[in-house]
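A.B. asks: For reference, the sequence and a predicted model appear below.
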Amino acid sequence: LLLYTRFWEFDVRDAVAALAGIVAVRPDAHLLVVGKGERGEEQELLRLATRAGLAASIDYRGWTEPAQLPDVLASADVALVPMDDTLINRARGLAKLLELMALGLPIVAARVGQVDEYLNGGKCGRLVPPGDPGALAREVLTLLGDPGAARDLGRCAQQRAWNEYSWARLAVVAEQAYQ
C-alpha cells in the first residue's frame, strides 16, 4: 500500500486506523509512506503506529528524490489518498493524485473537491467518505482481494490521466480559453 503525502491533507490518526483495519484482515499488508510533513507529522504517524503495534507494517521512506519517485510509487499494489473535507482540500490542485493515476495505480481516495472528477465518479478509482478510515480500509481490502478489478481501475486511471489531464491536452484547453 502507498501513502504519498505531505501529511496536511488528513489526520494521521485516520491513516493508522485504516492500516489497523487492513492489517487485521491482511497481516502481510505494508504501508509504504513517501513524503515528509511540514511540522513533523510523519513522526506522529510513526508514534501512533508503534503504539498500535503496527510499526512493522510501515516502511517510511520520507522525502524521495524525484528521479527515484516513479519506481518507488509504482512498487505499490494500491495507493491511498485520504483527505479531510476542508476548504483547502476542496480547492487545491491534485498533482500527487495525477501522478498516481499516470502510473496506473489503483487508488482509494476520499471524495473531496475534484477527486470525484479526476477519478470519473469512481469509475477510475474507489471513492470513500472523507475522514472514514473504516471505509478506506474496506475498499483497500476489496482491491487487494480482487487483483483483476484493481488492475482495471489502475488502467482506467492511467488512461484518464493521459487523455484528460496531460500537458498536451490542457495546453489546447488553455489556448482555446484565451481565444
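C.D. replies: Yep, it's here.

A.B. asks: got a pLDDT number for the residue lying closest to Glu44 once chain neighbours are set aside?
C.D. replies: Once flanking residues are discounted, Glu44 sits nearest to Val12: 5.2 Å by CB to CB, 6 or more residues apart in numbering. Quick note: C-beta positions are derived from backbone N, CA and C, even for glycine. Val12 is assigned a predicted lDDT (pLDDT) of 96.

A.B. asks: for Val12, what are its contacts?
C.D. replies: Contacts for Val12 (CB atoms under 8 Å, 6 or more residues apart in numbering) come out as 41, 44-45, 48.

A.B. asks: and which of those is nearest Pro82?
C.D. replies: Distance to Pro82, by CB to CB, is smallest for Leu45 among the contacts of Val12, at 11.4 Å.

A.B. asks: Which strand or helix spans that closest one?
C.D. replies: Using DSSP states H and E, Leu45 sits within helix 41-51.

A.B. asks: cool, and Ala67?
C.D. replies: Ala67 belongs to no helix or strand, assigned by DSSP H and E.

A.B. asks: how many other residues sit next to it?
C.D. replies: Ala67 has 7 neighbouring residues, counting by other CB atoms under 10 Å.

A.B. asks: Check Arg92 too.
C.D. replies: Close neighbours of Arg92, defined as other CB under 10 Å, add up to 14.

A.B. asks: could we number from 298 for the rest of this?
C.D. replies: Fine by me, first position is 298 from now on; the one you just mentioned is Arg389.

A.B. asks: how close does the spatially closest residue to Gly419 that is not a sequence neighbour get to Pro427?
C.D. replies: Using CB to CB, 6+ apart and skipping the chain neighbours, the partner closest in space to Gly419 is Asp413 (7.4 Å). Using CB to CB, to the nearest Å, we find Asp413 at a distance of 11 Å from Pro427.
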